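Peer 1: Structure for this input, please:
(chains A and B)
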Amino acid sequence: MSITSLLFLSSGLFLGWSLGAQDASNVFGTAVASRMVRFKTAAFLCSIFLTLGAVLDGVGAAHTLGTLGSVNAIAGAFVTSFAAAFTVLMMTKLALPVSVSQAVVGSIIGWNLFTDSVTDVNSVVKIASTWVACPVLGALIGALVFAVFRKISKKVKFSLLHRDALLRFAMIVTGAFGSYALGANNMANVVGVFIPVVPFKDFSFFGTSITPVHQLFFIGSVAVAVGVYTYSYNVMMTVGKGILPLTPFASWVVVLSQSLVLFIFASEGLEHFLASHGLPTIPLVPVSSTQAVIGSVIGIGLYRGLAKNIEWNVLLRIMCGWIITPVITALVCFISLYVMKNVFDQTVFVPKTYVISREVLNELKKDGILQKGLEPMTGKSYATQKLLVNEAVRLIPDLKNATTRNILNYAEVIDVRITPEKIKELPSEIFSEKQIDDLESLAGRRFMHRWEIENTLAAMNPEWSLLPQSVLNKKKNKQITEQLQLVEGIFKWE
Amino acid sequence: MHLSKGLSMFYGSRVLENKIDEFLDRISEAGLIYRKAIHVFLEHGVTEDFVTHAEQIGHIESRADELRREIETGLYEQNLIPDLRADVLNLVEDLDRILNAYDASGYRFTIEQPVFPSTQHPDVLALVDSVTNSVEQITIAARAFFRDFNSCRDYIHKVRFYESEADRITTKMKRAVFTSDLPLANKMHVTSFIDMIDNLADMAEDITDRLAIFVIKRDS
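Peer 2: This is a model prediction of the structure:
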């Protein structure tokens, strides 16, 4: 186990800690602030369930390495994690609830700026839209759920203490589910990027094999749990009390409506279920649990006619926090990368090459992405995305963002070599036997572009071909894309 | 530890609910005995029967004190109804004060043995009826607050009705006492007892006012 690996892992744990300090407030904040659940109980349950979520359910998603996957050098991943965690720490100190995943995207933007990579405009638009759309959805759903359950609670005669026990039970169950989902969905973002450098070994525990990834996720969960115990209390109080003091009933409604917002507007599973039963689907929008919680609190406050009791200045501070988080993170990341590269002489990114060859142009034409316009660039190679894009925009001034991303994707030189030794590393739970056979039959082949290997595999076996874009095919296409990403990652020639 | 706490959540609430019920039963019971005691006192004076009734109220008061302490400890130890806990504690303590007043009143009758003019006996009984009715209604209102708070307002209204009735009888009686030929010392003594009895209804009304606020709070 090298000291460097441990050092790099430390920033992942720091990010885990910040996730715990922040996101526990989304699942248990209102319950703790309304004094229905003691902080110690909430922290204990949150830690246990998020660890279970991360270890049992999060490992499956880890193969895609989460959002930080685009950062291709471990020192770079260290810095991007550090920048995100540092900003979240600052926000936590100010007791402001912010989205950790938005801080991570801010970090990636900083990394992109430093490495002259092109930032996907969609990810920026996605963040900005959650600042508005998510609180609005949270408010609407929050008010609706509050109204419905209030009516029900008036019809059903519960005694004061029985109602109290039921609410407490509901809060604990909802919080436990929320914590499980938090661990399952976010642990890959926190430590997933460190999977290639994980210094652990396989071991057996009561006959069950515990893989290094499981161990890494467990350690990540411990870091999150430490975050929950040490720093989440203040953020919980801001969410559950700072904006508007909530009754226990309203507190539970906040947690429930937050989960509903995520389930209705962000669940691909629900979208697939509706489409497969011939029902109209609900458009998926980018949502964040932090913003949904705040929206729900406001929605319930407005529904109860307590607009004048809402601490609008606290809300304004929170919203400012949302906006400045990615900005500060990008800045901190950029400066830290500069220091890491020039002072500590570390490789913060692996340079990539982009080549516009005749084959690339033909492929773009064949796939209907770009018919003409880039011919003067034929045979040229570019050291950064920016250089390629600048020239492409000079030739085609009205180049669209999506087209640009496709051109970069087709032009990127990846150098993938299928070797028999690496074939053994393919996880059998992700690939079918036939798919592994396909790769075995390609042993010794070398691919310079992503589309080359994708086309070759698709021609061999329909299991590798992406299906036409539709709601029903979304899940399958996602799975195929993940498989292709994994193939690229495993066979990449270092 | 946390799991067992979770499982005992419903059991703990049920136990506490039973204690609150018993506490309210005690107040109601004390009212009935008080009424009986005054009947005995007016008819026979401080007899063994009267003393037994006064002692019964004393025992009820002691048991209610125990229950009050258990309810208070239970609410805090099990962290129950955090938003309304202070209100519930106030309510229980206020109700306990009524019991104390019943108890003190019984003993005062035993010691001071006031002499009510026989013409006023029906009024004393009417006053005691109104007062014990108002206390009875406040216990029903309090029970409704715990069980079915939507009906709480109906009982609150009744408490106010019986309290005004008690005030009306009190004024009438005091006027009659001061226009009678009784020596001033007796007049003062009798009116102090009338005030003491009427004070029970006033206490019930004060609790009602607070309970009305708790209901609004719980409803929001």
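Peer 1: quick one, what contacts the residue of chain B found nearest chain A?
Peer 2: Taking C-beta to the nearest C-beta, chain A has its nearest neighbour within chain B at B:Pro82, 3.4 Å off. (Glycine included, C-beta is placed from N, CA and C.) Contact partners of B:Pro82, counting by C-beta atoms under 8 Å, 6 or more residues apart in numbering or on different chains, are A:34-36, A:248.
Peer 1: report the longest helix in chain B, please.
Peer 2: As assigned by DSSP state H, the longest helix anywhere in chain B is helix B:2-44.
Peer 1: Quick one: distance of it to the chain centre.
Peer 2: Mean C-alpha position of helix B:2-44 versus that of the full chain (C-alpha atoms, centre = their mean, to the nearest Å) differs by 12 Å.
Peer 1: what packs against that helix?
Peer 2: helix A:39-52, helix A:160-191, helix B:48-77, helix B:85-112, helix B:121-147 (3 or more C-beta pairs under 8 Å, 6 or more residues apart in numbering or on different chains; DSSP states H and E).
Peer 1: Tell me the helix or strand right after the first one.
Peer 2: In other words, helix A:39-52. helix A:74-93 (DSSP states H and E).
Peer 1: Quick check: mean pLDDT of that next one?
Peer 2: The average pLDDT for helix A:74-93 rounds to 90.
Peer 1: now it against helix A:160-191, angle please.
Peer 2: Counting by axes from the mean of the first three to the mean of the last three C-alpha atoms, to 10 degrees, helix A:74-93 lies at 150 degrees to helix A:160-191.
Peer 1: B:Leu184 and B:Lys174: what is the separation?
Peer 2: 13 Å (C-beta to C-beta, to the nearest Å).
Peer 1: Name the SS class of the residue lying closest to B:Lys174 once chain neighbours are set aside, please.
Peer 2: Among residues not flanking B:Lys174 along the chain, B:Thr191 sits closest, at 5.3 Å (C-beta to C-beta, 6 or more residues apart in numbering or on different chains). Following DSSP: H, G, I helix; E, B strand; the rest coil, B:Thr191 is assigned to helix.
Peer 1: wait, what's in contact with B:Thr191?
Peer 2: B:Thr191 sits next to B:173-174, B:177-178 when contact means C-beta under 8 Å, 6+ apart.
Peer 1: what's the spacing between the residue nearest the centre of chain B and B:Glu17?
Peer 2: Nearest to the geometric centre of chain B sits B:Ile98, at 3.8 Å (C-alpha atoms, centre = their mean). Distance, B:Ile98 to B:Glu17, by C-beta to C-beta: 21 Å.
Peer 1: so what does the longest strand seen in chain A touch, helix or strand wise?
Peer 2: In chain A, with assignment by DSSP state E, the single longest strand is strand A:412-417. When contacts are defined as 3+ C-beta pairs under 8 Å, 6+ apart, strand A:412-417 packs onto strand A:353-356, strand A:446-449, helix A:450-460, helix A:471-491.
Peer 1: quick one: which of those is nearest A:Tyr229?
Peer 2: Nearest to A:Tyr229, of all these, is helix A:471-491, at 33.9 Å by C-beta to C-beta.
Peer 1: got the buried residues for that closest one?
Peer 2: Across helix A:471-491, burial judged by 16 or more other C-beta atoms under 10 Å in any protein chain shown covers A:474, A:477, A:480, A:483-484, A:486-487, A:489-491.
Peer 1: Out of the helices and strands packed on strand A:412-417, which gets the lowest mean score?
Peer 2: helix A:471-491 (a mean of 83).
Peer 1: what comes into contact with it?
Peer 2: A:63-65, A:69, A:268, A:271-272, A:275-276, A:281, A:414, A:416-419, A:422, A:425-427, A:430-431, A:435, A:439, A:450, A:453-454, A:457, A:463-467, A:469.
Peer 1: ok, now stretch B:122-141?
Peer 2: B:24, B:27-28, B:31-32, B:34-35, B:38-39, B:42, B:95, B:98, B:116, B:152, B:155-156, B:158-159, B:162-163, B:165-166, B:169-170, B:172-173, B:176, B:194, B:197-198, B:200-201, B:204-205, B:207-208, B:211.
Peer 1: Buried ones only from those, please, as a PyMOL command.
Peer 2: To isolate the buried members of these in PyMOL, using 16+ other C-beta under 10 Å:
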select buried, chain B and resi 24+27+28+31+34+35+38+39+42+95+98+116+152+155+156+158+159+162+163+165+166+169+170+173+194+197+198+200+201+204+205+207+208+211
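Peer 1: the domain parsing of chain A - what is it?
Peer 2: Domain segmentation of chain A under automatic domain parsing yields A:3-342, A:353-491.
Peer 1: for the ones you listed, which one sits closest to B:Phe109?
Peer 2: Across those, closest to B:Phe109 is domain A:3-342 (C-beta to C-beta), at 36.6 Å.
Peer 1: looking at the domains of chain A, which is buried most?
Peer 2: domain A:3-342 (a mean of 21; mean count of other C-beta atoms under 10 Å in any protein chain shown).
Peer 1: Could you list the low-pLDDT ranges of the stretch 251-400 of chain A?
Peer 2: Low-confidence regions of the stretch 251-400 of chain A, defined here as pLDDT under 70, do not occur.
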